[in-house]
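# predicted coordinates and the sequence they were generated for:
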2 protein chains.
Amino acid sequence: MSLSPLLQELISSLRALPGVGPKSAQRMALHLLERDRAGALALAASLESAVERIGECERCRNLSEQALCSICDDGTRDRHVVCVLESPVDLMAVEQTGGFNGVYFVLKGHLSPIDGIGPDELGLDRLFALVEAGDVTELILATNPTVEGEATAHYIAEQLEDSDVNITRIAHGVPVGGELEFVDGGTLAHAFAGRRSLRRGADD
Amino acid sequence: MSLSPLLQELISSLRALPGVGPKSAQRMALHLLERDRAGALALAASLESAVERIGECERCRNLSEQALCSICDDGTRDRHVVCVLESPVDLMAVEQTGGFNGVYFVLKGHLSPIDGIGPDELGLDRLFALVEAGDVTELILATNPTVEGEATAHYIAEQLEDSDVNITRIAHGVPVGGELEFVDGGTLAHAFAGRRSLRRGADD
Ligand SMILES: [Zn+2]
Ligand SMILES: [Zn+2]
């Protein structure tokens, strides 16, 4: 088929979006060009400034355009309770439940020796330093309930064995083998309420 | 929820894409920022150059970054046969069948007096001028098989009653009430092969 080269290029660039196949990319490109050129330009501008200016929060590794993200920077949040998550998507899912008022630490992954992802890649030194600084009373391990997520949670609990922070793991409601981001808000809120300690012969 | 303002802006800009709701927009934004910043920048650049440089072909109104689109500019296409379509999406659908070697005329809509869309808005003067210039032997009316598409086809046929161009309408296979762009290639090829004349007491 003979398409305008720029149109062809736009269609293939749209495929960078997750879940967008060749047919949807084509419809998106034509929709923007035929009906919403202003929207296309606004999207281009947003993409550019987001990529250019969004880095990570120096305290919790959440996506942020400031040194501290809006959660770490929020004086009403309880800094004594830190929820450890695998990704910013999970953070959003927890925030959307509205039931958590602590702060976060985003690992951006889970331990995976095969892929070369160890404690350093997850920023665990920063997490441990945070705990050792002494103002954390509870660490909620909310990694995904997958094999890797569980292993990561247990590794963290093990490393902090000698500190006196209370270490909990979210438990009830999150389906085993599932991903946090696909769990509905009610279930997630439940999982938080039902968290249990990983210390001193916890019942697993 | 307290999100980075730039991230929030990116999520809402992504909703300009057809079929993208709040949840998918969020996943797309995070995917790009976490895993494919190069893809995000490439998409931004493609959007900008497409909007800036893609206009319409001066002959057929197809999307084109040149004065003449690649189809009108292709010496191997048969300029005596002109297929009239409602939109560039339909043009792509027909091109993808690979069974049509003529050229196109894109109306960019259909007659709709309520919305103020009359013959001028569809560029019909240019279509009629093309026919009157005398080098068109067949005009295939491939507007959608909807009430408006049929009305538009009949209006065109009526206006050209006194010319001696052969006017046909695609017929078999396209489901009534459907949209050309969702019809599979085989069905569309069939519809082209089974086209019938709209002149001299055609059998409708
Ligand atoms: Zn932060
Ligand atoms: Zn053209």
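Happy to help now that I have it. Numbers count the residues shown, from 1 in each chain, chains lettered A, B, ... in the order given. Ligands and ions are numbered 1, 2, ... in the order given.

# go ahead and confirm A:Leu85 touches A:Thr143.
Yes - between A:Leu85 and A:Thr143 there is a contact under CB atoms under 8 Å: 7.0 Å. (Glycine included, C-beta is placed from N, CA and C.)

# in chain A, which spans are strands?
Secondary structure of chain A (DSSP state E): strands at A:55-56, A:63-64, A:78-85, A:102-106, A:138-141, A:166-169, A:196-197.

# chain B is nearest to which of those?
strand A:63-64 (5.4 Å; CB to the nearest CB).

# by contact count, what packs against that closest one?
Applying 3 or more CB pairs under 8 Å, 6 or more residues apart in numbering or on different chains; DSSP states H and E, we find strand A:63-64 packed against strand A:55-56, helix B:22-35.

# average pLDDT across that strand?
Averaged across strand A:63-64, pLDDT comes to 94.

# now for A:Leu85 and A:Thr143: what residues contact both?
The contact sets of A:Leu85 and A:Thr143 overlap at A:Leu107 (CB atoms under 8 Å, 6 or more residues apart in numbering or on different chains).

# okay, the residue nearest to A:Thr143 when sequence neighbours are not counted: pLDDT?
Closest residue in space to A:Thr143, ignoring its immediate chain neighbours: A:Gly149 at 3.7 Å, by CB to CB, 6 or more residues apart in numbering or on different chains. Among the per-residue scores, A:Gly149 shows a pLDDT of 89.

# so what's the residue count around A:Gly149?
The tally of other residues near A:Gly149 (other CB atoms under 10 Å in any protein chain shown) stands at 24.

# so who does it touch?
Contacts for A:Gly149 were tallied using CB under 8 Å, 6+ apart; they are A:86, A:110, A:143.

# A:Thr97 too?
By CB under 8 Å, 6+ apart, the contact set of A:Thr97 is A:185-186, A:188-189, A:192.

# and it, how far from B:His31?
22 Å (CB to CB, to the nearest Å).

# go on, A:Glu58?
Distance from A:Glu58 to B:His31, by CB to CB: 23 Å.

# now do A:His80
33 Å.

# these two: which is more packed in?
Taking other CB under 10 Å, A:His80 and B:His31 do not tie; B:His31 has more neighbours (17 against 13).

# give me the spatial nearest neighbour of that one, chain neighbours excluded.
A:Pro18 (4.6 Å).

# show the pLDDT at A:Gly178.
We have a pLDDT of 66 for A:Gly178.

# so A:Val165 makes contact with A:Ala133?
No - with contact defined as CB under 8 Å, A:Val165 does not reach A:Ala133; the gap is 10.8 Å.

# returning to what we had before: filter the contacts of A:Thr97 down to the ones in helices?
Counted as lying in helices by DSSP state H, out of these, are A:185-186, A:188-189, A:192.

# which one of those is nearest to B:Glu65?
Closest approach between those and B:Glu65, by CB to CB: A:Gly185, at 46.4 Å.

# got a list of what the closest one touches?
Going by CB under 8 Å, 6+ apart, A:Gly185 touches A:93, A:96-98.

# quick one: the helices in chain A?
Under DSSP H, chain A gives helices at A:5-14, A:22-35, A:37-53, A:88-97, A:124-132, A:147-159, A:185-193.

# indicate which one of these is closest to ligand 2.
helix A:5-14 (13.0 Å; CB to the ion).

# so the closest one versus helix B:88-97, what angle?
Interaxial angle, helix A:5-14 versus helix B:88-97 (axes from the mean of the first three to the mean of the last three CA atoms, to 10 degrees): 90 degrees.

# close to chain B, is helix A:5-14?
Yes - using CB under 8 Å from any CB of the partner chain, helix A:5-14 reaches chain B at A:5-7, A:9-10, A:13-14.

# if anything else comes up later, I'll come back, but that's it for now.
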